[in-house]
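Chemist: what's the 3D shape of this:
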Amino acid sequence: MFRLESKINTKGAEFLRNRDEYLPILAKFKDTLSKVRQGGPPLLVARHKERGKLLARERIDLLVDKNTPFIELSTLAAYDLYNNEFPSAGIVTGIGVIHGKETMIIANDATVKGGTYIKETIKKHVRAQEIAMENHLPCVYLVDSGGVFLPEQANVFPDKYDFGRFFFNQARLSAKGIPQIAVVMGSCTAGGAYVPAMSDETIIVRNQGTIFIGGPPLVKAATGAEVTAEELGGAEVHTSISGVADHMAENDVHAIQICRNIFESIQRHEYQHLETIPVEEPFYNAEELYGILPIDLKKPVDSREILARIVDGSKFHEFKERYAPTLVTGFAHIMGYPVGILANNGVLFGETALKGAHFVQLCTNRNIPILFLQNVTGFIVGKEYERGGIARDGAKFVHAVANADVPKFTIIFGGSFGAGNYAMAGRAYEPRFLFMYPNSKISVMGGEQAANVLITVKEDQLHAQGKTLSGEEREKMRQTILKKYEDEGSAYFSTARLWDDGIIDPTDTRKILGLSIAISQNRKYEKTKYGVFRM
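Modeler: Numbers count the residues shown, from 1 in each chain. Alright, predicted model coming up:
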């Protein structure tokens, strides 16, 4: 492979100006992340610790192998929703290593509304289980939850992917031989009681963990009997009488040690072999990304400059370099793992789509994971292109991506608009992981295009009624639409609603992608089958 040659002058005015604009964006992201990771209100955090309990992230730190990374997912879920009363949606999810085995960890944060579940908590929990299913990862549930947040019950209880989906997923995961381990470190009430009951092995902390379908208030209301939480569903009851739990721990630390002991007997059944090479750091400094990444999405960015700071040795074997240049395709290594890469370099034309579909087929035929680097305005529009069959050619690209059964990974480093999001493995196309940079934008189209379209539609409606839109009205409408798209297109808006798996610092890209590819090896890659391509 040849080393990419950067054409960026890292001492030039344009680079330095872009970096100076990017650093405050990065600082805001890191500050937001730090605040959210503090959990619930300080008073509740202090009360939690006074009870001798560890915080959710402290529990995870003890659980995973020392000096190994933990990829936390969707840290900013529910950000700027519910008056920010549900930091991280009240749950911490992510992938860590326990006795050398990559594991999905789902930990309730009891300092956030008692660890109760809102819509975004449900979505985050289910997404974690989906990742475990896709990558054959054992699951550990660190349970400390009051169950459904009752004021939001209509949004969390009855639908296909609501609260009941947890237990459906646990049953399916266990049936596939994917271990399910629960550690009950606090409340585990009502439907939530099925989390430990449906796990392969369950640990419960004495005088702290409780499991019951109906708590003391409900028992009293239903039967008139008064009973304490410990008598009803404490560790003594469930480890010596009911058999709902298998191990009793004295405290959080002891419970975590028992959980780690369980992992000593867990075996990995499948493994996808990838031919790796020795890891080589990029030739160019990753921090230079801060001066390259697009802030004004109207300014073009050569995606090769991004690649040069992500891939091993900055080495890249480009495919069809001279054809359809608005899509860069080729092979590289990331942290020693082989990967096929598709990176946007402009709008998608018909020939761009054909090139993309061809390259995806190469990757699936060779059983190589695919990385999509998104900065796309969408497909080209116009009479000439419609007559040339842009819809037909674009469909080939979408078809190839949808059916590609090798692991797909997506990073949005700029804009993600329209059908370009689909062709480049947006959320609907089931990439194993999708991450965004703090500067990223995502929406059905750019704000200016949306404003022009909606104003035109409005003017046509008024014209049919014999009316017109004044210049002042037009500008007011334009500014309203621009603000709406600016707000709703933000990476924060996206990640709060779990349209992605989290916002990341661009300099962490290599590490996160390397771990993501390693995680994907826990199951054999399926053979890709394609349907009918319209020719």
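
Chemist: the stretch 351-500 of the chain: strands as residue ranges?
Modeler: 370-376, 408-417, 433-436, 441-443 (DSSP state E, counting those that start in this stretch).

Chemist: is it correct that residue 511 falls within a strand?
Modeler: No: counting by DSSP: H, G, I helix; E, B strand; the rest coil, residue 511 is located in no strand; its state is helix.

Chemist: any idea how far residue 35 is from it?
Modeler: From residue 511 across to residue 35, the span is 23 Å (C-beta to C-beta, to the nearest Å). All C-beta spots, glycine's among them, are computed from the backbone N, C-alpha and C.

Chemist: which residue lies farthest from the center of the chain?
Modeler: The outermost residue of the chain, judged against the average C-alpha position, is residue 466 (49.5 Å), by C-alpha atoms, centre = their mean.

Chemist: still on that earlier bit, neighbour count: residue 511 and residue 35, which is higher?
Modeler: Neighbour count, other C-beta atoms under 10 Å: between residue 511 and residue 35, residue 511 has more, with 16 against 11.

Chemist: how far away is the more buried one from residue 243?
Modeler: Taken as C-beta to C-beta, the span from residue 511 to residue 243 is 43 Å.

Chemist: what sits up against stretch 158-169?
Modeler: Residues outside stretch 158-169 that contact it (C-beta atoms under 8 Å, 6 or more residues apart in numbering): 117, 122-123, 125-126, 129-130, 133, 148, 155-157, 191, 194-195, 198.

Chemist: what's the span of it from first residue to last?
Modeler: End-to-end distance of stretch 158-169 (C-alpha to C-alpha, to the nearest Å): 16 Å.

Chemist: also stretch 299-308?
Modeler: Counting by C-alpha to C-alpha, the terminal residues of stretch 299-308 are separated by 19 Å.

Chemist: what residues does that stretch touch?
Modeler: Here stretch 299-308 makes contact (C-beta under 8 Å, 6+ apart) with 4, 6-8, 282-284, 289, 292-294, 314, 316, 328, 332, 341, 343-346, 373, 375, 413-414.

Chemist: what residues sit buried inside stretch 242-250?
Modeler: 244-249 (16 or more other C-beta atoms under 10 Å).

Chemist: cool, and stretch 14-25?
Modeler: Across stretch 14-25, burial judged by 16+ other C-beta under 10 Å covers 15, 18-19, 22.

Chemist: before we move on, what about stretch 499-509?
Modeler: Buried residues in stretch 499-509 (16+ other C-beta under 10 Å): 499-507, 509.

Chemist: restricted to helices, list the residues you listed.
Modeler: residue 509 (DSSP state H).

Chemist: run the chain-centre distance for stretch 306-321.
Modeler: Relative to its chain's centre, stretch 306-321 lies at 25 Å (C-alpha atoms, centre = their mean, to the nearest Å).

Chemist: CA-only coordinates of the longest helix anywhere in the chain in PDB, if you can.
Modeler: As assigned by DSSP H, the longest helix anywhere in the chain is helix 13-36. Once non-C-alpha atoms are left out, helix 13-36 reads as follows in PDB (Å, rounded to 0.1, in the frame of the first residue of the first chain):
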ATOM      1  CA  ALA A  13      -3.800  30.500   8.000                       C
ATOM      2  CA  GLU A  14      -6.700  28.400   6.900                       C
ATOM      3  CA  PHE A  15      -5.700  25.400   8.900                       C
ATOM      4  CA  LEU A  16      -5.000  27.400  12.000                       C
ATOM      5  CA  ARG A  17      -8.300  29.400  11.700                       C
ATOM      6  CA  ASN A  18     -10.300  26.100  11.300                       C
ATOM      7  CA  ARG A  19      -8.500  24.600  14.300                       C
ATOM      8  CA  ASP A  20      -9.200  27.700  16.400                       C
ATOM      9  CA  GLU A  21     -12.900  27.400  15.500                       C
ATOM     10  CA  TYR A  22     -13.000  23.600  16.200                       C
ATOM     11  CA  LEU A  23     -11.300  23.600  19.600                       C
ATOM     12  CA  PRO A  24     -14.300  25.400  21.400                       C
ATOM     13  CA  ILE A  25     -16.600  22.900  19.800                       C
ATOM     14  CA  LEU A  26     -14.500  20.100  21.200                       C
ATOM     15  CA  ALA A  27     -14.200  21.800  24.600                       C
ATOM     16  CA  LYS A  28     -18.000  22.200  24.800                       C
ATOM     17  CA  PHE A  29     -18.400  18.500  24.000                       C
ATOM     18  CA  LYS A  30     -15.900  17.400  26.700                       C
ATOM     19  CA  ASP A  31     -17.400  19.700  29.300                       C
ATOM     20  CA  THR A  32     -20.900  18.400  28.500                       C
ATOM     21  CA  LEU A  33     -19.600  14.800  28.800                       C
ATOM     22  CA  SER A  34     -18.000  15.500  32.100                       C
ATOM     23  CA  LYS A  35     -21.100  17.000  33.600                       C
ATOM     24  CA  VAL A  36     -23.400  14.200  32.400                       C
END
